[in-house]
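Asks: Below is the sequence, then the predicted model.
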2 protein chains.
Amino acid sequence: MKIAVDAMGGDNAPEVVVQGAVQAASELGIYVTLIGDKELIAGALGSQVSSDHISVHHCEEVVQMDESPLKAVRKKKDASIRVAFDLVKNGDANAVVSAGNSGATLAAGVLTLGRLKGVERPAIAGIFPGEKSHVVLIDMGANVDCRPAQLFQFGIMGHAFASSCLGMKNPKVGLLSIGEEDTKGNEQVRLTHELFEQSRLNFKGNVEGRDIFSGDVQIVVCDGFVGNVALKLIEGMAEAMTNMLKAELKRSFLGRAAFLFGRREIRRFKRELDYEEYGGAPLLGINGVGIVCHGGSSVRAIRNAVKTAALYVNHRVVQKMVEELNSMVSNKTFGS
Amino acid sequence: MKIAVDAMGGDNAPEVVVQGAVQAASELGIYVTLIGDKELIAGALGSQVSSDHISVHHCEEVVQMDESPLKAVRKKKDASIRVAFDLVKNGDANAVVSAGNSGATLAAGVLTLGRLKGVERPAIAGIFPGEKSHVVLIDMGANVDCRPAQLFQFGIMGHAFASSCLGMKNPKVGLLSIGEEDTKGNEQVRLTHELFEQSRLNFKGNVEGRDIFSGDVQIVVCDGFVGNVALKLIEGMAEAMTNMLKAELKRSFLGRAAFLFGRREIRRFKRELDYEEYGGAPLLGINGVGIVCHGGSSVRAIRNAVKTAALYVNHRVVQKMVEELNSMVSNKTFGS
């Protein structure tokens, strides 16, 4: 088992990415290959280079955050994210982790490994801690302008992922809209609603923003624009709320006492809301394991993403998704 | 000064709405007219009917939550929300408050009072407590499928509202997208970005979901679908986070002590996040004051919405918006 880590991707690459990979190797015993400029990586590694769990694979190019993903990936054959997926294709690695341009990660994954049967557009799935159960939000940013048929496929992929990898039995699927009534939503959502209604998925109809946390449904489907806005809103709100709570508690003597007594709990609470703990988001629908990390990922976030990647390889996530997708096709889940 | 309250609108109408209006009248001394079925209102009022601050205006019809707003408002001439705006038009009331179908409130406002000059589509503005300053999110759900020119107008209205009513000088405007780079976003957002770039608004480019709380910009522009998803996500997350924090604190002895000591602060913190405190959302772009409340509004939320409505009337919000919109036209803010 070896995880290919795109050392050049992310706001603080290669330093933070390399440190995260080193932590995964030293603390969790996972073998990692760092892909990128060997001198920059050597600089970031410093004296830690000696571990046999860490190897370096040199490449010359990088896809920047502001590049058009598909064009860049096609043109830059030696870009770190392409080389990472090439290693998986050639059997030299088992999964890819990247905090770089997520569109480029998607494009490189599709170009190199291909799509799973029945999947038109791979998508990024986020896993959130709902009050009643975990909630899978799909798509979190891979596809900004989607047709209804593509949104419907996100539901199928979410179902396959949650059933096969999160141990959810016949998970409930909701379509993110602005009211529970069938007639609510924009045109895209109203048309998608009809497709879900005709399917044999456990479709619960429209859900609202609050349901990402309620856990009343286990899978929430939306396009990548809405999903990415939601993701970043959740991150920003978790941060702002923790700060506001601290400020409130510090305003009085009893509050300061409460803050001291509850410091450990407040920290744990903050951690529960922290995307860094979740270890990245799986790229669903490609023929392999790819984990997308936030551009601003910390060392800990990268470490956890490498851990998640290894877990998904061990749990044969892709094979299970293929089986689940096939069974849905034969059960005519795709249509009535 | 008299506020017309749609007694029939909201999940718990007329009881909760009537109680909220009664509180506004008795605690704040605001004159209110309750519009709706007089017998139902009398039942909800009970013995409180005697106050000279409260009057009842009977009407026969109601727009339901699942009705098509425009059709319903056109057809039901005696619907409570239409009658409420009629009272404003005839000078018998100064503003409207409704927790009913927000699309119908918008449609009735436009149909009865008309739009302000330069405004194609009125929008609902939400005011959030950012870390550095308050943030106006526009549109929160009135318009689900928008053209770029309409999104651009939301920015102008947001600017006019924040400048004239919130005392913000040359407020910064951001366009809600999925990355700060100009090229990020869906087609709608990329085209809108160009319009803002060419304008003389204080445009800071694309912002992300987190910026609804950062306060780095004071106005965040999005279509009503995205805005409504965001609004309900914020509400749901505030609720879920407070519950999670309580659960964390109750897990240990010190945590329980912290919870006891900090109870008052935690309650205040929760209140700060509570939309009910904000007193509804103004409907911008119509020729009058209209306040839209959440369908599930509590007594306190209705009370605060009536207070907000009275405040906007006193502060001559509509006149100020007209002046601001005119000055932007003459300053060529609408184009370069």
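Replies: That came through, no problem.
Asks: those helices in the stretch 1-150 of chain A, which residues are they?
Replies: According to DSSP state H, counting those that start in this stretch, the stretch 1-150 of chain A carries its helices in the segments A:15-28, A:38-45, A:69-75, A:80-89, A:102-113, A:148-165.
Asks: Any chance of JSON lines for the ones you listed, columns mean pLDDT?
Replies: Shown next, in JSON lines, are the helices of the stretch 1-150 of chain A (pLDDT from 0 to 100):
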{"stretch": "helix A:15-28", "mean pLDDT": "95"}
{"stretch": "helix A:38-45", "mean pLDDT": "94"}
{"stretch": "helix A:69-75", "mean pLDDT": "92"}
{"stretch": "helix A:80-89", "mean pLDDT": "98"}
{"stretch": "helix A:102-113", "mean pLDDT": "94"}
{"stretch": "helix A:148-165", "mean pLDDT": "91"}
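Asks: can you list the ones you listed in a markdown table and add mean neighbour count and distance to chain B?
Replies: For every residue, glycine as well, the C-beta is placed using N, CA and C. A markdown table is the format used below for the helices of the stretch 1-150 of chain A (neighbours: other Cβ atoms under 10 Å in any protein chain shown; distance: least, Cβ to the nearest Cβ, whole Å):
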| stretch | mean neighbour count | distance to chain B |
| --- | --- | --- |
| helix A:15-28 | 22 | 19 |
| helix A:38-45 | 17 | 23 |
| helix A:69-75 | 17 | 10 |
| helix A:80-89 | 26 | 17 |
| helix A:102-113 | 26 | 9 |
| helix A:148-165 | 24 | 13 |
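Asks: Format those helices as a markdown table; extra columns: distance to B:Val97.
Replies: Shown next, in a markdown table, are these (distance: least, Cβ to Cβ, whole Å):
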| stretch | distance to B:Val97 |
| --- | --- |
| helix A:15-28 | 51 |
| helix A:38-45 | 59 |
| helix A:69-75 | 47 |
| helix A:80-89 | 53 |
| helix A:102-113 | 43 |
| helix A:148-165 | 36 |
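Asks: quick one: low-confidence parts of chain A?
Replies: Residue ranges of chain A with pLDDT under 70: A:49-50, A:261, A:265, A:269-278, A:329-336.
Asks: Quick check: next helix or strand after the longest helix along it?
Replies: Longest helix in chain A by number of residues, with DSSP state H as the criterion: helix A:224-249. Using DSSP states H and E, the helix or strand that follows helix A:224-249 towards the C-terminus is helix A:253-261.
Asks: Check which helices and strands that next one is in contact with.
Replies: helix A:224-249, helix B:253-261, helix B:263-272 (3 or more Cβ pairs under 8 Å, 6 or more residues apart in numbering or on different chains; DSSP states H and E).
Asks: ranking those by burial, who's on top?
Replies: With neighbours taken as mean count of other Cβ atoms under 10 Å in any protein chain shown, these reach their highest mean count in helix A:224-249, at a mean of 23.
Asks: any idea how far it is from the chain center?
Replies: Distance of helix A:224-249 from its chain centroid, counting by Cα atoms, centre = their mean, to the nearest Å, is 18 Å.
Asks: quick one: it near chain B?
Replies: Yes: for a cut-off given as Cβ under 8 Å from any Cβ of the partner chain, helix A:224-249 has contacts with chain B, namely A:224-226, A:228-241, A:243-245, A:248-249.
Asks: what's the angle between that helix and helix B:253-261?
Replies: 80 degrees (axes from the mean of the first three to the mean of the last three Cα atoms, to 10 degrees).
Asks: quick one, what contacts the residue most central in space within chain A?
Replies: Nearest to the mean C-alpha position of chain A, counting by Cα atoms, centre = their mean, stands A:Ala281 at 1.3 Å. In this structure, A:Ala281 makes contact with A:124-127, A:140, A:291-293, judged by Cβ atoms under 8 Å, 6 or more residues apart in numbering or on different chains.
Asks: Mark which of those are part of strands, please.
Replies: Judged by DSSP state E, the contacts of A:Ala281 include A:124-127, A:291-292 as members of strands.
Asks: hang on, the earlier thing: which of the helices and strands packed on helix A:253-261 sits closest to B:Gly155?
Replies: Closest approach to B:Gly155 among the helices and strands packed on helix A:253-261 (Cβ to Cβ): helix A:224-249, 16.8 Å.
Asks: rewinding a little: could the helices and strands packed on helix A:253-261 be laid out in CSV, adding distance to A:His193?
Replies: Listed next are the helices and strands packed on helix A:253-261 as CSV, based on distance: least, Cβ to Cβ, whole Å:
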stretch, distance to A:His193
helix A:224-249, 15
helix B:253-261, 42
helix B:263-272, 34
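Asks: what about those helices, which gets the closest to B:Gly185?
Replies: Closest among the helices and strands packed on helix A:253-261, using Cβ to Cβ: helix A:224-249, at 7.0 Å.
Asks: tilt between the closest one and helix A:102-113?
Replies: 140 degrees.
Asks: quick one: helix A:224-249 to helix A:148-165, angle?
Replies: Using the same axes, to 10 degrees: helix A:224-249 against helix A:148-165 is 60 degrees.
Asks: Could you count how many residues lie near A:Asp223?
Replies: By other Cβ atoms under 10 Å in any protein chain shown, the residues close to A:Asp223 number 26.
Asks: Quick check: it vs A:Lys204, distance?
Replies: Applying Cβ to Cβ, to the nearest Å, the value for A:Asp223 to A:Lys204 is 19 Å.
Asks: what do you get for A:Ser252?
Replies: Per Cβ to Cβ, A:Ser252 is found 44 Å from A:Lys204.
Asks: cool, and A:Ile212?
Replies: A:Ile212 is 14 Å from A:Lys204, by Cβ to Cβ.
Asks: okay, the two: which has more neighbours?
Replies: Ranked by neighbour count (other Cβ under 10 Å), A:Ile212 and A:Lys204 place A:Ile212 first, with 30 against 17.
Asks: I would like the residues contacting whichever strand or helix holds the more buried one, please.
Replies: Using DSSP H and E, A:Ile212 falls within helix A:211-214. Helix A:211-214 is contacted by residues A:128-132, A:135, A:137, A:174, A:176, A:217, A:220, A:230, A:234, B:233, B:236-237, B:239-240 when judged by Cβ under 8 Å, 6+ apart.
Asks: go on, stretch A:143-151?
Replies: By Cβ under 8 Å, 6+ apart, stretch A:143-151 touches A:120-121, A:123, A:139, A:154, A:175, A:188-189, A:191-192, A:194-195, A:221-225, A:228, B:178, B:185-187.
Asks: Please apply the same query to stretch A:29-45.
Replies: A:1-8, A:13-15, A:17-19, A:21-22, A:24-25, A:49, A:53-60, A:62, A:80, A:83-84, A:87, A:92-93, A:306-307, A:310.
Asks: rerun that using 7 Å as the cut-off
Replies: A:1-8, A:14-15, A:18, A:21, A:24-25, A:49, A:53-59, A:80, A:83-84, A:87, A:93, A:306-307, A:310 (Cβ atoms under 7 Å, 6 or more residues apart in numbering or on different chains).
Asks: swap in stretch A:68-87?
Replies: Against stretch A:68-87 from outside (Cβ under 7 Å, 6+ apart): A:4, A:6-9, A:33, A:35-36, A:57, A:59-63, A:93, A:96, A:98, A:100-101, A:103-109, A:111-113.
Asks: let's see 6 Å
Replies: Residues from elsewhere that reach stretch A:68-87, judged by Cβ atoms under 6 Å, 6 or more residues apart in numbering or on different chains: A:4, A:6, A:8, A:35-36, A:59-63, A:93, A:96, A:98, A:100-101, A:103-105, A:107-109, A:112.
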